[in-house]
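# Coordinates for the following, if possible.
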Amino acid sequence: MTKLYTPVTIGPIALTHRVVQAPLTRLRSEQPGDIPGNLMATHYGQRASKGGLQIAEATTVSIHGRGYLGAPGIYSADQVTGWRKVTKAVHAKGGKIFLQLWHVGRQSHVEMTGGVPPVAPSVMPFEQVVVTSDGWVPVSPHRALALSEIPAIVEEFRSGAQRAKDAGFDGVEIHGANGYLIDQFLQDGSNTRTDIYGGPIENRARLLLEVVEAAASVWGGDRVGVRLGPSGTWASMSDSDPDATFGYVAEQLNRFGLAYLHIVEPRIVGAEAPVEGKPPVAAAQIRAIFNGPIIAAGGFDRDGAQRIVDSGDADLVAFGRHFSSNPDLPERLRRDLPLAPYDRDTFWGGDHRGYTDFPAFEEQAELA
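I've put the predicted structure just below:
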């Protein structure tokens with residue numbers, strides 16, 4: 001019997017199964033203001049399950065941290081009010097939900113940042129596109145943060161953590177992966193600073209650890225999660241020694257008693273599963289270092305999720321694309337029911353189509 005559908009605890013939170021909704025950028029917030037509305041509340045409420053965990057999509061902690069038009073924020077009172085609709089819908093079904101706190105760093109455009117250049121640890125050439133009112137456009141030139149500006153970034157994350165608490169979330173996740181600001185500081189391919197935030201990994205990890213400490217000051221460490229991408233190369237990311245870099249980070253995070261560490265596994269771009277013949281390795285490597293629960297993400301199917309949990313390399317598995325089209329995904333996986341195919345054309349932005357119009361299996365059967 002697989003452990004994927006058995007209870008597990010993250011911090012003080014008891015879950016009844018280990019299938020997690022991954023944080024997915026769907027760009028459905030109300031504009032102007034990046035405010036979660038009724039459509040988002042319906043989406044998350046549909047995917048909530050009793051004792052299940054959802055990680056709400058990447059949510060910007062400041063105007064300067066924005067990069068994708070339609071992504072929600074957590075830096076205004078109206079956004080807090082909007083998020084309360086979401087947490088209320090999830091809790092009504094007995095689910096738990098964390099909010100992923102996000103600053104995109106250099107992955108932005110001046111239209112999104114209030115007219116100022118995007119910021120990064122260092123100025124490094126890279127190619128990427130973001131979403132503005134003109135659709136997908138190349139990023140704007142970025143600038144390096146001054147040393148004196150970094151405490152304000154940490155405070156933005158702390159304030160975001162407090163607003164998430166005010167909005168009724170059960171915890172927060174710090175987004176330290178996918179080539180965004182914290183990841184840009186971690187990896188030496190994007191961080192060439194020579195001050196206390198650059199050079200050796202002890203310095204490059206400083207921003208992440210300060211942000212985690214700030215969030216823990218609001219929530220306690222056991223209601224804070226962290227997402228890392230040890231194998232991530234998207235958005236021109238690279239590190240000269242990722243095993244050492246992320247091994248050090250995982251070891252340092254032990255002192256916070258985190259709710260979990262969320263590890264993005266390596267994938268082939270565009271593939272629907274980990275590389276054939278090469279099982280996920282990031283979680284297994286981190287397992288030897290990190291003392292708390294581990295969530296693995298990265299194109300898992302049902303069999304792969306069961307294997308990694310049963311092996312002990314991960315405690316929970318996060319699903320993204322399959323959750324987009326299967327609101328009752330945990331039950332479909334448990335009963336080995338057919339999965340509805342997802343609609344890639346509706347992933348980023350739009351209305352209810354491809355977002356809230358996928359029926360649960362029982363509803364689908366009745367319609368058929």
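# Okay, helices next: where are they in the stretch 101-250 of the chain?
150-166, 181-186, 201-204, 206-219, 242-253 (DSSP state H, counting those that start in this stretch).
# Quickly compare those and say which is most buried.
Of all the helices of the stretch 101-250 of the chain, helix 181-186 carries the top mean neighbour count, a mean of 28, counting by mean count of other Cβ atoms under 10 Å. Where C-beta positions appear, they are placed from N, C-alpha and C, glycine not excepted.
# Give me the average confidence score over that helix.
Summarised as a single mean, pLDDT over helix 181-186 is 98.
# just checking, Ala144 touches Val123?
Yes - proximity of Ala144 to Val123 meets the contact threshold set by Cβ atoms under 8 Å, at 5.3 Å.
# Which one's more surrounded, those two?
Ala144 (17 against 12; other Cβ atoms under 10 Å).
# Please report the distance of the more buried one from Asp183.
16 Å (Cβ to Cβ, to the nearest Å).
# again with Ala161
19 Å.
# can you check Val130 too?
From Val130 over to Asp183 (counting by Cβ to Cβ), the distance is 16 Å.
# For the stretch 1-150 of the chain, which segments count as strands?
With DSSP state E, counting those that start in this stretch as the criterion, the stretch 1-150 of the chain has strands at 8-10, 13-15, 19-21, 53-60, 96-102, 119-120, 129-132, 135-138, 143-144.
# I'd like those strands laid out as TSV, including mean pLDDT.
Below are the strands of the stretch 1-150 of the chain laid out as TSV (pLDDT from 0 to 100):
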stretch	mean pLDDT
strand 8-10	98
strand 13-15	98
strand 19-21	98
strand 53-60	98
strand 96-102	99
strand 119-120	98
strand 129-132	96
strand 135-138	96
strand 143-144	98
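# Show me the one of the ones you listed that comes nearest Ala283.
strand 19-21 (13.2 Å; Cβ to Cβ).
# Which neighbouring elements make contact with the closest one?
Helices and strands touching strand 19-21, as assessed by 3 or more Cβ pairs under 8 Å, 6 or more residues apart in numbering; DSSP states H and E, comprise strand 53-60, strand 316-319, helix 329-335.
# Including distance to Ala71 and mean neighbour count, could the ones you listed go into JSON lines?
Output for the helices and strands packed on strand 19-21, formatted as JSON lines (distance: least, Cβ to Cβ, whole Å; neighbours: other Cβ atoms under 10 Å):
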{"stretch": "strand 53-60", "distance to Ala71": "6", "mean neighbour count": "26"}
{"stretch": "strand 316-319", "distance to Ala71": "19", "mean neighbour count": "25"}
{"stretch": "helix 329-335", "distance to Ala71": "23", "mean neighbour count": "19"}
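# Lys85: which of these is closest?
strand 53-60 (12.0 Å).
# Put the alpha carbons of the closest one into CSV.
Output of strand 53-60 as CSV, limited to C-alpha atoms (Å, rounded to 0.1, in the frame of the first residue of the first chain):
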residue,chain,number,x,y,z
LEU,A,53,-2.6,21.1,1.1
GLN,A,54,-2.6,23.8,-1.6
ILE,A,55,0.2,26.3,-2.2
ALA,A,56,-1.3,29.4,-3.7
GLU,A,57,0.4,30.8,-6.7
ALA,A,58,3.4,33.1,-6.7
THR,A,59,2.3,36.4,-5.1
THR,A,60,4.3,39.6,-5.3
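# Asp78 against Gly33, yeah?
Yes - Asp78 lies in contact with Gly33 (Cβ under 8 Å); the separation is 5.7 Å.
# Now for Ile289, how many residues are close by?
16.
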